[in-house]
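> Predicted model and sequence below, questions to follow.
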Amino acid sequence: MKYIFLIVFIASGFLAFGQRGEQLRPDIKTSSAMRAVTKNNGPASGNDNLYPVIERAVLYVKEVRRSIDLSLAPNNQLLHIKTPKDTNQSIISILLRALASNEIHAFASVHDSIALNQHDAIDLLTNANTATIKSVCLWETWQYDPSVKKIVGKIIGIAPCRFEEKDTAHGKAIFWIKYASLHQIFKQDFIADATVDDFFENRKFTSKVLKVSTVDTVYYKR
């Protein structure tokens, strides 16, 4: 009889250990994955909450920065936007107004979690002479979406952008604004028969690609 109790005790111990092992496996896999990220690429500089995309984990990921010349059609519609107050303003003026009212915040990069000082951002844009800023820059992600089986682009940032007289190929962003914070504002502003949000989301603009990143430089929040 005592051998029967001993066998039951050992069997129950193995069963409990197996269940505990199953609970631990996801954590072990997650921990191993994070160690692999840190070993191969490391977290984004200065921010432990940002981790790079692992190339083998995605089919396609690129980041694209492009400029929109406001002097060209159809982009020049962004110089005459009808606001809810029935006033015509340029997109730069709308961004400046939204900054001044704390509706949006400026960042050095769209992946930053700490915003620039609001007054400093306004001064940067004002001192740059808004009347001479003839371009806006977009920061986009392009990645394969298995649900629709195609590569899909998404705007994640927008910036007032200026070009040096001797270097018209590389635009310099004054600062970046996360596009998600602009949706509600752009949905209230109109150009022709569409909202500004529609104009960007439906890609009715013409643009010039400034830079295309590799997956190794793409970072996302966990």
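Now that the structure is in, tell me what you want to look at.
> Where does pLDDT dip in this structure?
1-60, 130-131, 164-171, 214-222 (pLDDT under 70).
> any chance you could map the helices in it?
Applying DSSP state H to the chain gives helices spanning 2-40, 91-100, 118-127, 183-186, 196-201.
> Now do the third one and helix 91-100, the angle between them.
So the one you mean is helix 118-127. If you take axes from the mean of the first three to the mean of the last three CA atoms, to 10 degrees, helix 118-127 sits at 160 degrees to helix 91-100.
> Going forward, the N-terminal residue is numbered 19.
Let's use 19 as the start, then, which means that last one is helix 136-145.
> helices and strands around helix 136-145, which ones?
helix 109-118, strand 124-125 (3 or more CB pairs under 8 Å, 6 or more residues apart in numbering; DSSP states H and E). (C-beta placed from N, C-alpha, C; glycine too.)
> Show residues contacting the longest strand seen in the chain.
In the chain, assigned by DSSP state E, the strand with the most residues is strand 168-182. Applying CB atoms under 8 Å, 6 or more residues apart in numbering, the contact partners of strand 168-182 are 78, 82, 85, 110, 113, 125, 128, 143, 146, 148, 150-163, 188-198, 200, 218-219, 221.
> List the buried residues of that strand.
I173, I174, G175, I176, A177, P178, C179, R180, F181 (16 or more other CB atoms under 10 Å).
> So which of the contacts of strand 168-182 are in strands?
Using DSSP E, these in strands are 82, 85, 125, 153-163, 188-191, 194-196.
> Mark which of those are buried, thanks.
For the ones in strands among the contacts of strand 168-182, buried by 16+ other CB under 10 Å: 82, 85, 125, 153-159, 161, 189, 191, 194-196.
> Next, the angle from the longest strand of the chain to helix 109-118.
Going by the same axes, to 10 degrees, strand 168-182 makes 90 degrees with helix 109-118.
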